[in-house]
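Provide a 3D model corresponding to the input given below.
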Amino acid sequence: MHHMSVRVRMAPSPTGYLHIGNLRTALYNEFFARHHCGTLILRIEDTDRARYIEGATESLCRSLRAMHILPDEGVWINEAGQLIERGDYAPYLQSKRAERHREYAQKLIAMGKAYVCFCSPAVLDKMRQEQQKAGMAPRYDGRCRLLHPEESAARVSAGESHVIRLAFPREGSVTVMDEIRGDVVFDWNELDDQVIIKSDGMPTYHLAATCDDHDMWITHVIRGEEWLPSTPKHLFIYEAFGWKPPIFAHLPLLLNPDKTKLSKRQGDVSVEDFLAKGYLPEALLNFVALLGWNPSGDREIYTHDELRSAFELEKVNKSGAVLNLEKLDWMNAEYLKSMDTDAYLDLVLPELRKLGGDEALQKRVAMLIRSRLIRLSDVPDVSGEYFHPLRNLNPSIIPWKGQQPADVKEKLAAAREELAGLPDYLWASTDDLEHHIKEWITRRAWQNGPVLWPLRVALSGREKSPSPFELLYVLGREASLARIQAAIDSLQ
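Numbers count the residues shown, from 1 in each chain. Below you'll find the model as predicted:
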């Protein structure tokens, strides 16, 4: 009954951070599992001990949790931050399954599908150099395939260093059926006899992932396109054991804007970095989900639930997807504008508290900057000037087009006097301030420009800023009057 229901896995390596490509793979696995009411498994591929980083698995789980990707089974992190395993197919840390992988390798040897290789790194290096000189593609020449099994066994028992390799056919071809790419044909003679057990006794990805997928009843393997050329090796193992292979789907590569492949090693394309820069998990999730797929094509903003219910592997594009960070900025700004106001304030107020002022001012500033905010790390840039007296106000930007300094001073002094006399209730809303000031300008038979431009620059210190009425409301009476006076004083 078991294997009738959909079972998919995320199988990252614990290298210290969650790369944006791995996030997309995890997301598509999650969408697929939820769409089909299946099971999502988190398995950690940690057999490469040279690249292992302490604490990386915990950090990976925290990143997945922050992105609202919650596996049903496998490795996870409990409330106390300790690693736990849930599910019937433990262990889910691949390195703990090594004994089992070695048993599978021995069975492959017994079937004549794998063999022991004693060639040292120096021998392999010499082989490579000779092949390159002869203009051949460097690969293992299969010399240890010819050894008699009894001789191999004797040399292994004598403690001689060795690896185990798969014995691929020398002719013919193999077809990978892929949900995204269609049928892809590979010639066996193009494939190198893959190492499946390294000299330290640890399995390579090819043996470990294939056997674990079988042992854990994985029905669909959804992974990055870089694994497509390895899939024939995995099919060879399925075939050798007479196992039914899962359905494969290889996701298109992620590309830089110049169409080069997005590097695995770049720290700045990790989920942790995006979150640290102040992108919202929901916006990042929405953005990454659309790298190579769009449910409808007529909009860009989708909730997690909408993405899950619309997801279909067949609809994923074959071609690489460009990582356009301007689009992420746009999307994040949209999320900040449209989210619930209380939730928005919960995000922004902690950033504003660092700048000082009282809570009422912080709340007014939070609402003022909302339409200009791209990510949370921009808060100090777009709001710093509301908390401290303006320094280095440039007097040359205060006058309206062609306006004389004496006229600017007259208008600002009149405005300051008018504002000083306004009752408190008029300071309580932008609209009331706007209505009142504009009426006052009309009564004086002045134009708006020569009054409102100098007033706005006096309050903001910038050529571009929110309206003078928003600024008055946010700054409040005392700070507003002080800024207007400082502007008057700066004009010669």
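
same for the helix or strand containing V288, what does it pack against?
Here V288 sits within helix 281-289, counting by DSSP states H and E. Here helix 281-289 touches helix 20-35, helix 271-276, helix 304-310, helix 325-338, going by 3 or more Cβ pairs under 8 Å, 6 or more residues apart in numbering; DSSP states H and E. To be clear about C-beta, it is placed using only N, CA and C from the backbone, and glycine gets the same treatment.

Name the residues that touch that helix?
For helix 281-289, the external contacting residues (Cβ atoms under 8 Å, 6 or more residues apart in numbering) are 20, 23-24, 27-28, 31, 66-68, 271, 274-275, 300-304, 307, 327-328, 331-332, 334-335.

Of all the helices and strands packed on helix 281-289, which one is nearest V221?
Evaluated with Cβ to Cβ, these place helix 20-35 nearest to V221, the distance being 9.4 Å.

what's the following helix or strand after the closest one?
As assigned by DSSP H and E, the chain's next helix or strand after helix 20-35 is strand 39-42.

Can you tell me the strand partners of that next one and which way each runs?
strand 7-10 (parallel), strand 73-77 (parallel) (DSSP bridges).

Now do the contacts for E85.
E85 neighbours (Cβ under 8 Å, 6+ apart): G74, V75, W76, P91, Y92, L93.

Mark which of these are buried, thanks.
G74, V75, W76, Y92, L93 (16 or more other Cβ atoms under 10 Å).

Put together TSV for those, with pLDDT on each row.
Putting the buried ones among the contacts of E85 into TSV (pLDDT from 0 to 100) gives the following:
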residue	pLDDT
G74	98
V75	97
W76	97
Y92	97
L93	94
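
Could you double-check that L472 lies in contact with A420?
No: with contact defined as Cβ atoms under 8 Å, L472 does not reach A420; the gap is 11.9 Å.

Those two - which one has more neighbours?
L472 (27 against 11; other Cβ atoms under 10 Å).

Please state the backbone phi and psi of that one?
Main-chain torsions, L472, degrees, to the nearest 10: phi -60, psi -50.

gap between it and L349?
Going from L472 to L349 by Cβ to Cβ, to the nearest Å gives 22 Å.

quick one, what contacts the closest residue in space to G356 that isn't next to it in sequence?
Closest residue to G356 apart from its sequence neighbours, by Cβ to Cβ, 6 or more residues apart in numbering: F387 at 4.9 Å. Residues in contact with F387, defined by Cβ under 8 Å, 6+ apart, are L355, G356, G357, L361, V365.

circling back: rebuild the strands paired with strand 39-42 as a markdown table, extending it with distance to S480.
Shown next, in a markdown table, are the strands paired with strand 39-42 (distance: least, Cβ to Cβ, whole Å):
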| stretch | distance to S480 |
| --- | --- |
| strand 7-10 | 54 |
| strand 73-77 | 50 |
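
Select, out of the ones you listed, the one closest to K107.
Across the strands paired with strand 39-42, K107 has its closest neighbour in strand 7-10 (22.9 Å, Cβ to Cβ).

Just the residues contacting the closest one, thanks.
Contacts for strand 7-10 (Cβ under 8 Å, 6+ apart): 22, 25-26, 29-30, 32-33, 38-43, 64, 69, 71, 74, 213, 216-222.

mind running it again at 7 Å?
With contact meaning Cβ atoms under 7 Å, 6 or more residues apart in numbering, strand 7-10 is reached by 25-26, 29, 32-33, 38-43, 71, 216-220, 222.

For it, list every residue counted as buried.
R7, V8, R9, M10.

What pLDDT does the model give the third one?
In this case it means R9. Turning to R9, the model gives it a pLDDT of 98.

repeat for Q266
With respect to pLDDT, Q266 scores 54.

Shouldn't F248 be within a strand?
Yes: membership of F248 in a strand is supported by DSSP: H, G, I helix; E, B strand; the rest coil.

Might one say that it is in contact with T175?
No: F248 is beyond contact range of T175, at 11.3 Å (criterion: Cβ atoms under 7 Å).

give me every residue that touches the nearest residue to E179 once chain neighbours are set aside.
Counting by Cβ to Cβ, 6+ apart, E179 lies nearest to A249, which is 4.0 Å off, once chain neighbours are set aside. Neighbour list for A249: D178, E179, I180, H220, I222, L313 [criterion: Cβ under 7 Å, 6+ apart].

Who wins on neighbours among these?
Counting neighbours by other Cβ under 10 Å, I222 leads the contacts of A249 with 27 neighbours.

ok so, going back, what is the nearest of the contacts of A249 to Y52?
For the contacts of A249, the nearest to Y52 is I222 (24.7 Å; Cβ to Cβ).

wait, doesn't the closest one sit right on F32?
Yes: contact criterion Cβ under 7 Å: I222 and F32 qualify, at 6.2 Å.

quick one, domains of the protein?
With domains defined by automatic domain parsing, the chain comprises 2-92+254-322, 95-251, 340-386, 395-490.

thinking again about what came up before, in JSON lines: the contacts of E85, plus distance to A343.
What follows is the contacts of E85, written out as JSON lines (distance: Cβ to Cβ, whole Å):
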{"residue": "G74", "distance to A343": "31"}
{"residue": "V75", "distance to A343": "31"}
{"residue": "W76", "distance to A343": "26"}
{"residue": "P91", "distance to A343": "39"}
{"residue": "Y92", "distance to A343": "34"}
{"residue": "L93", "distance to A343": "36"}
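
Just the closest of those residues to D407, please.
W76 (69.6 Å).

That closest one and F168, how far apart?
In terms of Cβ to Cβ, W76 sits 37 Å off from F168.

Repeat that for S465.
With distances taken as Cβ to Cβ, S465 is found 68 Å from F168.

So if I had to pick from these two, which one is more boxed in?
Neighbours per residue (other Cβ under 10 Å) separate S465 from F168, with F168 holding more: 20 against 16.

Can you tell me the element the more buried one falls in?
Applying DSSP H and E, one finds F168 in no helix or strand.

Tell me which residues touch T231, please.
V176, F248.

pLDDT value on it, please?
Note for T231: predicted pLDDT of 98.

Would you mind listing the buried residues in the helix or strand harbouring it?
In the assignment (DSSP H and E), T231 maps to helix 231-241. Neighbour-count burial for helix 231-241, counted by 16+ other Cβ under 10 Å, picks out T231, P232, K233, H234, L235, F236, I237, Y238, A240.

can you put those residues in TSV and add distance to V195?
Output for the buried residues of helix 231-241, formatted as TSV (distance: Cβ to Cβ, whole Å):
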residue	distance to V195
T231	17
P232	15
K233	10
H234	14
L235	17
F236	14
I237	13
Y238	18
A240	16
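
Out of those residues, the closest to K113 would be?
Proximity of these to K113, judged by Cβ to Cβ, is greatest for A240, which lies at 4.3 Å.
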